[in-house]
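Novice: requesting a structural model of the entry that follows:
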Amino acid sequence: MAQNSERRLKIIAGADPFGAELKDALVTNLKSLPNIEVEDLGTGPYYSIAENVGQKVSAAVSSFPSCADIETRGLVACGTGIGVSMFANKFPGVFASTCLTVDDAVNTRSINNSNVLAVSGLSTPPESATQILKAWLETPFAAPCPASNSEPWPEDVQSFLRNSVEEMPKIGSKVVGSGGCAICSLVKDRVFEKVEIMPGGSMKIVRQSPTSAIVRFEGGSVEPGHHHTFGHDVLVLKGRKKVWNLSKNEEYELGVGDYLYTPSGDVHRVKYFEDTEFFIRWDGDWDIFLDEDLAAAKDALDKVL
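Specialist: Numbers count the residues shown, from 1 in each chain. Predicted coordinates for the structure are as follows:
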């Protein structure tokens, strides 16, 4: 590999089941090369494995070049190479590119300074993928490439490319609104949707499968007995509520900072004593199945409260 012998490279790799075999072949190839360290995260769903690679590369990019003796890049693989690229690119400083040819690899290194290579386990044989990886490793940023007709880029283009390295990580980082704390602005701009099946409730899903959400209920609201396909964690952020686990004949009163886990399938009823907000996480997709109607739930609560 045409690389400065004093500069080391770390590659963080991962794949979904459709890209695992190709990823393994490329990891074996990487381990045979000098000055390259490989961290193989193994196999998982394409969204989570790409998320893990993206997070690690993003964290390394944020500290580079303070750790200038080692540069960190990523390698991801799925059936098409597209899904893993999309998910890895959710993180600041990550420039993941799906490459199906050697020309793709040379172009994306030259033009985009790509630091995560995404490959297709269904359409790219290991021999071709090895050549793609080699080109991606060896091509410097702003180097001559097929897109430049293999000629050096003109100075105005090179200037544009240099500026893009600083500007691209800023995309998506600007907060829309009154400014100030980014986290506060995210909260300020959060839009809640009504939970039609639960009067008085509204929620904002912030991540899908496993699902995380912020949920609000108005004081006095009641959730009739219901259950979910997946277990879920609850952390109360504001207010006060009481949960009756009807399947286990248990009850829990929760206030700010209190946590409760309800297993999958357990039927539970909830009463909100004041306006309440909580964080909830499901092990899978969000769903809900009613086991009683609202009138029956209120009658039952009138007898115990």
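Novice: and residue 252, how close does it get to residue 55?
Specialist: Distance of residue 252 to residue 55, given as CB to CB, to the nearest Å: 34 Å. Where C-beta positions appear, they are placed from N, C-alpha and C, glycine not excepted.
Novice: and the residue nearest the centre of the chain, what element?
Specialist: For the chain, the residue nearest the mean C-alpha position is residue 51 (4.3 Å; CA atoms, centre = their mean). If you go by DSSP states H and E, residue 51 is part of helix 46-63.
Novice: next SSE after that helix?
Specialist: The element immediately downstream of helix 46-63 (helix or strand, assigned by DSSP H and E) is strand 70-78.
Novice: now that following strand, how far from the centre of its chain.
Specialist: Centroid displacement of strand 70-78 relative to its chain, using CA atoms, centre = their mean, to the nearest Å, is 16 Å.
Novice: return the set of buried residues in that strand.
Specialist: Across strand 70-78, burial judged by 16 or more other CB atoms under 10 Å covers 71, 72, 73, 74, 75, 76, 77, 78.
Novice: swap in stretch 230-237?
Specialist: 230, 232, 234, 236.
Novice: what's the farthest-apart pair in those residues?
Specialist: 230 and 236 (19.8 Å; CB to CB).
Novice: need the helices for the chain, in chain order.
Specialist: Ranges of helices within the chain are 20-31, 46-63, 83-88, 102-112, 126-138, 155-167, 182-188, 294-304, based on DSSP state H.
Novice: tell me which of these sits most buried.
Specialist: helix 83-88 (a mean of 25; mean count of other CB atoms under 10 Å).
Novice: what's it in contact with?
Specialist: Applying CB atoms under 8 Å, 6 or more residues apart in numbering, the contact partners of helix 83-88 are 14-16, 19, 46-47, 49-51, 53-54, 57, 74, 76-78, 94, 96-98, 116, 118.
Novice: got it, and stretch 95-112?
Specialist: With CB under 8 Å, 6+ apart, stretch 95-112 has contacts from 50, 54, 74, 76, 80-82, 84-86, 88-89, 113-120, 123-124, 131-133, 135-136, 139-148, 153, 161, 168.
Novice: output the lowest mean pLDDT helix or strand found in the chain.
Specialist: Least confident helix or strand of the chain, by mean pLDDT, DSSP states H and E, is helix 182-188 with a mean of 51.
Novice: beta partners for the closest residue to residue 17 other than its chain neighbours?
Specialist: Of all residues not flanking residue 17 in the chain, residue 43 sits nearest, at 6.0 Å (CB to CB, 6 or more residues apart in numbering). For residue 43, the beta-bridge partners are residue 15 (DSSP bridges).
Novice: residue 43 and residue 21 touch, don't they?
Specialist: No. Under the criterion of CB atoms under 8 Å, residue 43 makes no contact with residue 21, lying 9.7 Å away.
Novice: distance of residue 93 from residue 35?
Specialist: When distance is defined by CB to CB, residue 93 is 22 Å away from residue 35.
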